[in-house]
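In: curious how this folds, go ahead:
(4 chains)
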Amino acid sequence: MIVRVQSDVFDAGAELNSFAQGRHDIGAVVSFTGVVRDTKGDLQEMLIEHYPGMTQGAISKIVQEAVQRWDLADVLVIHRYGPLKPGAPIMMVATASAHRAAAFEAADFLMDYLKSRAPFWKKEITNDGAAWVSAKDADEDALNRW
Amino acid sequence: MIVRVQSDVFDAGAELNSFAQGRHDIGAVVSFTGVVRDTKGDLQEMLIEHYPGMTQGAISKIVQEAVQRWDLADVLVIHRYGPLKPGAPIMMVATASAHRAAAFEAADFLMDYLKSRAPFWKKEITNDGAAWVSAKDADEDALNRW
Amino acid sequence: MNVVYFAWVRERIGLPQETVTSDAATVNDLIVELIAREERYAAAFADISALRVALDQELSDFDASLAGVREVAFFPPMTGG
Amino acid sequence: MNVVYFAWVRERIGLPQETVTSDAATVNDLIVELIAREERYAAAFADISALRVALDQELSDFDASLAGVREVAFFPPMTGG
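Out: Okay, here's the model as predicted:
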């Protein structure tokens, strides 16, 4: 189980390849990569603020919950903070399991909880100014799935 | 939309990194990698047979169905055939979307359908002999989720 | 028409494909003809519920018509992914 | 105790953290004290339903006790992932 909180960029492909490497009890690896989206083409950058004293612990708790619920061989979470450009990777989750259902469900669960329970806040700097990204009711509701 | 059926090994990390590269309308990328599992430690190799005349078309149909159901920016499916060693990648699916729910659901859907509707058959060669992998009722039942 | 076999169906029948001349109207009729040929066909088609059929590379049903069909494929349930 | 602010709460109050000496029994009591201080606190805490609180780096509730708490954090709903 690896949890990394960093401002540096990461290489999602290299992380995927080194994740759960060399294990023969794994049949399924699921990864999720979150990317800075710029649908309108007016985003200058995304600023991610976090709560340094809390972040690592909050993510680790979410990972522990996933490990208790599903039969997982390994879990990886990487989450960046600081200024990010459009198209840059924000964060990544990977899960490895003997079976695909556990890997899919755990990754989905991790994303739902990281979205609403890990202490990060996104601010978008566009050509029109800066605005904090609002949490969506749908994101909070998604937690009720689990 | 890319569908590749091949005997050659592929590099899941490199595929993930080149998938949907340079697009700024994407917020979420989900990947699934299927790996030759050897839980008991007695597997010599997995042989994957396929129906060459049908495989590409069957997979493309499944991909088209996914594209109609979810708002996807891109889809990748790679599936290998031939002899594979324990720990080797069997296949890979990747989905890219503006939002995470669509990327997750579409990848999960693609896996369920590839499992039971793409013309591949797995044979395990173990120290005790060779046996075709049986389709599981649960895999057929999984299709009813969609 | 061309008849192709995969996985243990191929192994039981002992060949991957063959050209079959038949007036069978449906897949079921064709199976009856094949079973009558030799024991290895009877062994392969002993339990139809364990088999799937594709007509011209599309999954189909055992009561489907063979009119105009060029390739019939028999195989066990697929195990991709 | 240490009081920390994030995102627009930090921006409205105008500082990321401060040491607060208070006898407030609960988070709600502390908020009442802060609001009474200055307009910028009143602006930050105008709508409690739009805020979350963590006590010693654990998500908590506004009616939670502050007994023994060393760090209180106020912030909007998180937007990770």
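
In: backbone torsions only: list them for residue C:78.
Out: phi -70, psi 150 (degrees, to the nearest 10).

In: could you measure from it over to chain B?
Out: 6 Å (Cβ to the nearest Cβ, to the nearest Å). Placement of C-beta: from N, CA and C, glycine included.

In: you'd agree that residue is up against residue B:135?
Out: Yes: judged on Cβ atoms under 8 Å, residue C:78 makes contact with residue B:135 at a distance of 6.7 Å.

In: which residues do these two both contact?
Out: residue B:116 (Cβ atoms under 8 Å, 6 or more residues apart in numbering or on different chains).

In: which one's more surrounded, those two?
Out: Taking other Cβ atoms under 10 Å in any protein chain shown, residue C:78 and residue B:135 do not tie; residue C:78 has more neighbours (24 against 19).

In: now do the contacts for that one.
Out: B:115, B:116, B:117, B:118, B:119, B:120, B:121, B:135, C:52.

In: which residues are in contact with the third one?
Out: It stands for residue B:117. B:58, B:62, B:143, C:59, C:78, C:80.

In: same question for the last one.
Out: Residue C:52 is in contact with C:59, C:74, C:75, C:76, C:77, C:78, counting by Cβ under 8 Å, 6+ apart.

In: got TSV for those residues, with pLDDT too?
Out: Shown next, in TSV, are the contacts of residue C:52 (pLDDT from 0 to 100):
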residue	pLDDT
C:59	97
C:74	98
C:75	98
C:76	98
C:77	97
C:78	97
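
In: of those, which is the nearest to residue C:34?
Out: Set against residue C:34, the nearest of the contacts of residue C:52 by Cβ to Cβ is residue C:74 (8.9 Å).

In: what's the helix or strand for that closest one?
Out: Following DSSP states H and E, the helix or strand that holds residue C:74 is strand C:71-75.

In: cool, residue A:101 as well?
Out: helix A:100-117.

In: and the helix or strand just after that helix, is it in reach of chain B?
Out: Per DSSP H and E, helix A:100-117 leads on to strand A:120-126 as the next helix or strand towards the C-terminus. No: against chain B, strand A:120-126 shows no contacts by Cβ under 8 Å from any Cβ of the partner chain, the least distance being 11.3 Å.

In: for strand A:120-126, packing partners?
Out: strand A:43-50, strand A:129-132 (3 or more Cβ pairs under 8 Å, 6 or more residues apart in numbering or on different chains; DSSP states H and E).

In: so can I have CSV of these showing distance to chain B?
Out: Compiled in CSV, the helices and strands packed on strand A:120-126 are given as follows (distance: least, Cβ to the nearest Cβ, whole Å):
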stretch, distance to chain B
strand A:43-50, 8
strand A:129-132, 17
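
In: for residue B:109, which of those strands is the nearest?
Out: strand A:43-50 (29.5 Å).

In: can you list the helices and strands packed on strand A:120-126 in CSV and add distance to residue D:22, mean neighbour count and mean pLDDT?
Out: Shown next, in CSV, are the helices and strands packed on strand A:120-126 (distance: least, Cβ to Cβ, whole Å; neighbours: other Cβ atoms under 10 Å in any protein chain shown; pLDDT from 0 to 100):
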stretch, distance to residue D:22, mean neighbour count, mean pLDDT
strand A:43-50, 25, 19, 98
strand A:129-132, 28, 12, 97
